[in-house]
Each structure stands twice: as C-alpha cells, then as structure tokens.
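Asker: Model the structure of this input:
(2 chains)
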Amino acid sequence: MEKALREKARELLTTGEANVIIGYEWNRRKTRATPAFITKADEVDRLIFNPLCVNNLSIYLTRKNKDILRMGKPAIVAKGCDIKNIVVLISEGQVKREDVVIIGMSCNGVVYKQGLWKGELRPEIMPVKCHNCDVRNPHLTDFVIGDHIDFTPPETPRGMVFDKIAALDAKTPGERWSFWLEEFSRCIKCYACRQACSLCYCERCITEKNVPQWIETSAHQRGNIAWNLVRAMHLAGRCTFCGECERSCPANIKLNLVNQKLVLTVKDAFDFKSGYDEKIHPPMIVFSPDDTENFIK
Amino acid sequence: MKAMYLKKAELGKLISSVQDSGALFVGPVVDAGNVVYKEIGSASELTGDYIIPVTTYKQWVFPQTEVVATFAVTKEGVDLDGVDLDPPDVVVFGARACEAASLASLRSVFTWGEDDEFYTRREDRITVITVGCTAIDDECFCTTVELSPASTTGSDIYLRETTDDEYMAVAVTKKGEAFIKAHHGVFHQKRAAEPELVELKLPEPIKGIKKEKISAWLARTDNYQSELWPRLTRKCFGCGACTFSCPTCHCFDITDEGTAFGGERRKNWDACQFDHFTAHASGHNPRDTQFKRWRNRFMCKFKYYPDKFKTTGCVGCGRCIRVCPVRLDITEVMEEISQISE
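Answerer: Below is the predicted model:
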C-alpha cells in the first residue's frame, strides 16, 4: 500500500498535478506517525500509511494555515473519515474541489491514540468511529490506494460513545449539568480542540473578539463552559465525528460525547449527516423560503 | 543536615501534619486517565505510577487565571481596587528533578526589572519535594539539556526511593530543612545498616544534540530566516498544549471581565503559539505564520532565556512532545540544528 502511495505521490509531483503531498511520515524514532509535506519527487519514500496515521490532515487545507496554502496545489493523503471533513470544506466554500487532489486510502481503522499502539491493531485500541465506519473505502477521491475493504458497519451505531450518550440521556438535566461542569473544569483553554479541527477554520475565533469580550478567555468555570458550548454549537450539523478534538485534548475532556450527540440530534431533526455529499450544504448554514419555521422571515 | 527517612506507608501522616500546619498538600493523582498535580486530602489519592504528571505545578505559583484587580463603575468614575495577595503555603510532593529546575527560570522572568508579587509571594511559600525518577519514557530528555533525575536544582527536599519502601530525604535548601524539622515526627533517622536505594533511571542523552552547537547556530542572525524553520515546523497547527504543559513557559494576557457596572481584571495564561499572540492593534502581525510562532518558542527556550537570564529555558521534561497533537518533537529540531551547525 505504501509502495502504491509513494508511486502515486511521485507521479503527481513529477507531472506537476500537485506541488505538495500532505501525508504522513515517521518521527525520528519511528514510533509515531506525524504529518509530512513532501514537495520533491525524490522524497516520496518518506510517506507512510498505517494505523498510527490518526491525524486528520484536512486542517492543512484551511485558511488557518496560510503558509501551507502558499506551497501550491496540494494532494492530500486522506482516510474516509478525513475526506468527510474535506466534503464539508467544499460544501461550505472553503476549498474548491478542483484545487485539491484527494488520495483516498482504504482503511481498516486507526488507533484511538498513538501511545496505545503495541504493533497490532486490536479492536479495543480503535476509536468508536472506526467500528462504525461506513467509508473504509473512501468516498470522494481522485485516486484510491489500497484494496477494496469488505466491512459493513452495524445498522445502529454502537460503542462506548453511544453507550455513554444513552447513559447521559437517561440522567436528569441537573445530573447532566454536573457531569459537564466536571468535564469542562479540566479545560485549560489551550484550544487544541479548535486548532485540530478543520471545520474550525475561522481566522478570528469568537474567543478572540474582545471588544466586547463575547467569550471569557479565563479558564474558570464560566469561561470553560462558554467556550466548550460555543464550540459545540458552531459544529452542530457540520461535525463529522472525526474525533480529532478529543484526541488532541491534553485534559482528556470527552468531546466525542458532545460531538456525537450533536450528530445524532441533527440526524434526528434534519435527517442529515455531514461529510457525505459536497453538493449539499449543512442544514445550519442554508436558508429556504419554504422553511416551515417563520421566525426568520 | 543528615539524610532522614520517610516510610511510604506514613505519607498519610505527613499529609495530615502538613494540613495541620495550614498548608495545601499537592501531589500526583489520576484524573480522567491522566496523572496530574492536584491538591489532595489523603494519601490514598496519590499515585506513584507515573513518569511525570501531564500538568505542571507552576499553576500554584502562576495560576492559569487569577484576579489582579477589581473595578466598579460609578456615577463619579471608576473605582479600582487591588488584591490583597496572601497565598497559602503549598507543599508539592512527587515533583521530578527536571520540573523542579524550572522555578528558577520562572523566577528570573517574574523578577526581571520589577518583582511580580503575584508570582514571588507564591513562590516564596512553595516547598518542592522531588522524588528521583525510577522510570522514564521515550520522551524524557533531561540528560540532553544538562539535567538529570539526580539534579537537585529547584528542589527543597530531594527523595530517593529505598528497596524497603521508604524514601531517603535530603534537605536541599533552608526551606527544606525547616520543613523536615517542622514535621520531624514523620521523618526518622536510619538505624543500623545503610539502606539500599532503588536505582535512578536516566534517559540516554540524545547523541546528535549538542547544546553549544545550538547556541552557536541560533546566535547567527541569518539563521533566523533559515529554511529549516518552516520545513521542520509547518505541521504545528497552533494550539497551546505545549506551552500550557511547559514548566518554564510564563506568558500571560490581561483581560477585563464583568458588566457595565464593574468586574475584575484577570491575568490569564497565554501562548506564543496562538495566532493573535503578537497581533498589533494596527492589524499587522510580525509572526504571521505558524512556523514563526514555533521558532519563537524555540528561540525563547534556547536563546532568549539563556542570553538574558543565564538560566535554562528547557528542562527536558518532554511534556510538549507527549501532548503535541501533530507530534512535533522539539528534540528533532534540536538534533537537526546541532547537525547543520558548524
């Protein structure tokens, strides 16, 4: 698979179809996969692909990373779950389909966190998204690397995240509030959740608007709740449950619960799941004159 | 002062004794899957199974958020009130030698020119009890930055584990001596034979890294524009996980919170990795792309700090490597600079 990936990368760079390959490479000790930017055909052998390739590289397509945009036309190595974010970026007018080459990777799953890797991909070290994955054969691509994968996700998505959501739903609002107060109390306002998220592409986040200060930047209870709730709301109907925010959180806040709950809610209310069709706009950003609600008219 | 001994089983007694004296006892605990420093009530909360806590204890000398003034808006104008800062005594137990070395670095910043009493008053009242490392991981690199698990810099008391489930305690500072005296009921002198110490684990110094070569390379101003910076660091996506988990990072922001009638002025941690950190009111931003921000963090640790304060900016705790979501490893940059430096 890596051989095919490298060959494709070499071809794209040689023909000039892409100026930079955004992919993965080993760290110095070869213990962790890390994002790589390959611009020369003779460097394509640095590219790797394996279950440690957890990062959703689509962040590097956003306007938050201007120096990367300046490198020229990108070809991005993307798993199905990463492609979901590219789909949303396209549907929201952030990336033009023709401006990015998508090298889709057939994927049998990745690890939840790289530190869990002991040389073998066991189900218990995979994130919930992988167990329910319906894009192991990537869906919006220019090229696909890897063999077709026979995998049917369960009819009803399941796993720890869904169990915890069900458990939370069964609680009283007061109990849920205490649960989230406790979770968010660990927030250190490092904004790794936002920076890891390709759908948090605002160049100036609302937390940085301080005249007036809409969201208190202090990592106290008020500020932490305001921040986490605002981010959740801004991702409603858009989040694809790639899990990068939770993976990046140094305080282990259970952000996947927030995000999957939003996914479920939007599915329920609008029969919409983001990340599948770049021609359909997410429900929160469209206006229809036929809308049954009249508050906006 | 001779080495004293403390039975692990009697840590509870030490905690009670510290609490009876009115001080807070802070130690490593497991919280949501991470080992972090927390104020604890009893010994059962402590964990001994950690390399180094994910969070730093700098939050007890430099809180993540603190009120530095309050204000009230009245018909006559604005009333501004200072804060009477009388911090509690804090005992940090289970620190590591690398992190302990960081307090001197923080102090040099916060006493540069004016004393920042929000810092100094707290630091004056903190007692650091370090436990020598008997386990390490791939990210530890203290020995590469001229420290080691045996370093006592910044510790008030240095503990070594013994094979018979005790700690051998050596007072490093006057504060440490006073602490042992104040809690003498818990410490005891060893009888008869010398105890056997559990061997310290030292990370192998990274061979390719030469600190003096890094200094020499950074001193050449044309290297500020080196192609190395974007090449090695453009994957950084600009969160503050590294700076907020770094024991020597010290930047803060001042912000006002409240209503039209009054509120508080707060001092909050800030990170040079944030894109608006150096944004000017004019709209100009001298560090307009991420690699420039990352370069700043590196320069701060390996040039600005040593130049200005003659103290270390990086203690090799490895936290920034462990928490980095894109696995940008500072030692890889150190190594590459060492190699290209003449």
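
Asker: switch to C-alpha atoms for all contacts and neighbour counts from now on
Answerer: Fine.

Asker: okay, stretch A:60-71 in CSV with CA atoms only?
Answerer: C-alpha atoms of stretch A:60-71 as CSV (Å, rounded to 0.1, in the frame of the first residue of the first chain):
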residue,chain,number,x,y,z
TYR,A,60,-3.9,21.9,6.3
LEU,A,61,-6.3,22.8,3.5
THR,A,62,-7.9,25.6,5.5
ARG,A,63,-7.1,29.3,5.6
LYS,A,64,-5.8,28.9,9.1
ASN,A,65,-2.6,27.5,7.6
LYS,A,66,-1.6,30.1,5.1
ASP,A,67,2.0,29.1,4.7
ILE,A,68,0.9,25.7,3.6
LEU,A,69,-1.6,27.1,1.1
ARG,A,70,1.3,29.0,-0.3
MET,A,71,3.1,25.8,-1.1
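
Asker: Please list the outside residues in contact with that stretch.
Answerer: A:19-20, A:22, A:59, A:74, A:94-95, A:198, A:201-203, B:234, B:237, B:289-290 (CA atoms under 8 Å, 6 or more residues apart in numbering or on different chains).

Asker: Pull the distance from that stretch to the chain's centre.
Answerer: Centroid displacement of stretch A:60-71 relative to its chain, using CA atoms, centre = their mean, to the nearest Å, is 17 Å.

Asker: Show me where chain A has its helices.
Answerer: Counting by DSSP state H, the segments of chain A that form helices are A:2-15, A:66-69, A:80-91, A:128-131, A:160-169, A:173-185, A:192-196, A:221-235, A:244-248, A:255-270.

Asker: now the ones you listed as a markdown table including mean pLDDT and mean neighbour count?
Answerer: Formatted as a markdown table, the helices of chain A follow (pLDDT from 0 to 100; neighbours: other CA atoms under 10 Å in any protein chain shown):
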| stretch | mean pLDDT | mean neighbour count |
| --- | --- | --- |
| helix A:2-15 | 97 | 18 |
| helix A:66-69 | 90 | 17 |
| helix A:80-91 | 97 | 26 |
| helix A:128-131 | 96 | 21 |
| helix A:160-169 | 95 | 14 |
| helix A:173-185 | 96 | 15 |
| helix A:192-196 | 97 | 25 |
| helix A:221-235 | 94 | 18 |
| helix A:244-248 | 96 | 24 |
| helix A:255-270 | 93 | 18 |
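
Asker: Which of those helices sits closest to B:Gln19?
Answerer: Among these, the nearest to B:Gln19 by CA to CA is helix A:173-185 (24.5 Å).

Asker: got a list of what the closest residue to A:Asp147 other than its chain neighbours touches?
Answerer: Nearest residue to A:Asp147, sequence neighbours excluded (CA to CA, 6 or more residues apart in numbering or on different chains): A:Ser106, at 6.5 Å. When contacts are counted by CA under 8 Å, 6+ apart, A:Ser106 is found next to A:79-80, A:136-138, A:144-149.

Asker: let's see 6 Å
Answerer: A:136-137, A:146 (CA atoms under 6 Å, 6 or more residues apart in numbering or on different chains).

Asker: Same check on B:Ala100?
Answerer: So B:Ala100 contacts B:154-155 (CA under 6 Å, 6+ apart).

Asker: now it: how far from chain A?
Answerer: According to CA to the nearest CA, to the nearest Å, B:Ala100 stands 21 Å off from chain A.

Asker: Next, that residue: phi, psi?
Answerer: Here the main-chain torsion angles of B:Ala100 (degrees, to the nearest 10) amount to phi -60, psi -30.
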